[in-house]
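*Asks:* Structure here, sequence nowhere to be found:
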């Protein structure tokens, strides 16, 4: 089973569960932007290498806003989850958390890591 053939709602549900476990509050605009960014990145990891030129503008078009607003909202959602989220989940995904005193992951790190986890989890379901 490849990530490209899964239905969007199945992927969204899976990504949502990861994000909620990480403590991303669902009431933030950045929550929805982040979920879409992870979904797009999971389908095509190339967009992560160019977040400002490809990823943010793509998400922004969907929500009729600007790439800068998308970037800021995602950064805020990540910051909130970093401070309030589940440290064990962060340790498992990134190898560090806010309790270790390290700075939060960048937007592109965060998006790429979760997208990679989703891709790997789906590949492991094939076996």
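*Replies:* Right, received. Where do you want to start? It should be emphasised that the depicted structure is a prediction, and the values quoted were computed from it without experimental measurement.

*Asks:* Packing partners of the longest helix along the chain?
*Replies:* Of all segments of type helix in the chain, defined using DSSP state H, the longest is helix 107-126. Other elements packing on helix 107-126 under the criterion 3 or more CB pairs under 8 Å, 6 or more residues apart in numbering; DSSP states H and E are helix 8-22, helix 29-43, helix 67-84, helix 87-94. The way it works is simple: take the backbone N, C-alpha and C, and place the C-beta from them, glycine included.

*Asks:* among these, which is nearest residue 58?
*Replies:* helix 29-43 (6.2 Å; CB to CB).

*Asks:* how far out from the middle of the chain is the following helix or strand past that closest one?
*Replies:* Once the chain leaves helix 29-43, the next helix or strand it forms, by DSSP states H and E, is helix 56-63. Averaged C-alpha coordinates place helix 56-63 at 15 Å from its chain's average position (CA atoms, centre = their mean, to the nearest Å).

*Asks:* in helix 56-63, what's buried?
*Replies:* Going by neighbour count (16 or more other CB atoms under 10 Å), the buried part of helix 56-63 is 56-60.

*Asks:* related to what we said a few turns ago, can you say which of the helices and strands packed on helix 107-126 is packed in most?
*Replies:* Looking across the helices and strands packed on helix 107-126 with neighbours counted as mean count of other CB atoms under 10 Å, the highest average goes to helix 29-43: a mean of 22.

*Asks:* contacting residues around that one?
*Replies:* Outside of helix 29-43, the residues within contact range by CB atoms under 8 Å, 6 or more residues apart in numbering are 3-4, 8, 11-12, 15-16, 19, 24-25, 47-48, 51, 55-56, 58-59, 62-63, 70, 72-78, 110-112, 114-115, 118-119.

*Asks:* circling back to that earlier point, make TSV from the helices and strands packed on helix 107-126 and add distance to residue 125 to it.
*Replies:* Shown next, in TSV, are the helices and strands packed on helix 107-126 (distance: least, CB to CB, whole Å):
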stretch	distance to residue 125
helix 8-22	10
helix 29-43	14
helix 67-84	25
helix 87-94	18
